[in-house]
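# Have a look at this prediction, sequence included:
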Amino acid sequence: MIHSVEKRKKRVNGVLTVARLYSLRYRIGDMPCDKWVSLGVTDKGVARVKADLFIKDLEREHAGLAMPKKQVEAGNLPVTALFAEFISEMTARRRDAKYIEVTDARVSKVIKEAKWRNLRDVTADSFLSWRRANGHLGAKTRNDYLASVKGFLEWLVGLDRLQSNPLRKVGKVQEKGDEKRQRRAFTLDEIKRLCAGSEWRGLIYLTAAFGVARCRSDLPSRNDKTR
């Protein structure tokens, strides 16, 4: 590792200026260029002490002996606070308002009912327990909850605030055969009621219904023999 305690210098309109506070300049491992971090002090002796502490933590982190600072800070925050940041980020990125609302409701429900107070509580086992307790929900709904929570956790991983997604190996629930509502065609009476209560849209619904019926009548039945 290369490091030194210096005051940063830069030219402003051709004039060389020197910073008032000391900074640490360092390079570790295969970093392509030096990095700077402000030490926030004007006394060089104090700056060296702070720099030594920073370097020791950095070397331990680089050797895999300590958690990165971002992960330590995130681990000390409530999960609700981290999730609030996630919602704010999606809002700032102008994601669909309905999508944000649904995601907020789903993840907030899991956080509350699974009793996730901090990131140490977020485990595959705790989510699976929550999912078993909510077996009354449809399979697709439970899979939607899983996808929403995973999206939040992947966001934390992408920001280096979480080492890995604890739910990455949690699989989906089998949806086939678990449909809560069986799909079927409208009856003629249901089509009449739909069109009657839909004003000008009724003509569109009626045209679509008869169009589908005409297509189905043109299809050969399974008993038809083709030559």
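Everything's here; your move. Numbering: from 1, shown residues only.
# buried sites along whichever strand or helix holds residue 88?
For residue 88, the enclosing helix or strand under DSSP states H and E is helix 79-92. Within helix 79-92, the residues scored as buried using 16 or more other Cβ atoms under 10 Å are 79, 82-83, 85-87, 90. Glycine gets a C-beta too; all of them are placed from N, C-alpha and C.
# if we take the residues you listed, which one ends up nearest to residue 133?
residue 79 (18.4 Å; Cβ to Cβ).
# if you count residues, which strand in the chain comes out on top?
Ranked by residue count, the top strand of the chain under DSSP state E comes out as strand 15-27.
# follow-up on the earlier one: quick one: name whatever helix or strand follows the helix holding residue 88.
Heading C-terminal from helix 79-92, the first helix or strand you meet, by DSSP H and E, is helix 97-113.
# what about stretch 150-169, average pLDDT?
Average pLDDT, stretch 150-169: 93.
# If you could redo that for stretch 132-142, that was the one I meant.
Mean predicted lDDT for stretch 132-142 stands at 95.
# Stretch 119-127 too?
On average, stretch 119-127 scores 94.
# Can you give me the buried ones in that stretch?
Going by neighbour count (16+ other Cβ under 10 Å), the buried part of stretch 119-127 is 119, 122, 126-127.
# Let's see which of those end up in strands.
Among those, no member is found in strands (DSSP E).
# Among those residues, list the two that are farthest apart in space.
Using Cβ to Cβ, the two most remote members of the buried residues of stretch 119-127 are 119 and 127, lying 13.1 Å apart.
# quick one: common contacting residues for those two?
When Cβ atoms under 8 Å, 6 or more residues apart in numbering defines a contact, no residue borders residue 119 and residue 127 alike.
# If we only consider the buried residues of stretch 119-127, which is nearest to residue 42?
residue 119 (37.3 Å).
# Make sure residue 168 is indeed in a strand.
No - Residue 168: not assigned to a strand; according to DSSP: H, G, I helix; E, B strand; the rest coil it is coil.
# OK, contacts around it?
residue 150.
# Please report phi then psi for it.
Phi and psi for residue 168, reported as degrees, to the nearest 10, are phi -60, psi -30.
# Look up how far residue 40 lies from it.
38 Å (Cβ to Cβ, to the nearest Å).
# follow-up on the earlier one: and the longest strand of the chain, how far out from the chain's middle?
37 Å (Cα atoms, centre = their mean, to the nearest Å).
# helices or strands up against the helix or strand following it?
Next helix or strand after strand 15-27 toward the C-terminus (DSSP H and E): strand 35-38. Contacts defined by 3 or more Cβ pairs under 8 Å, 6 or more residues apart in numbering; DSSP states H and E place strand 35-38 against strand 15-27.
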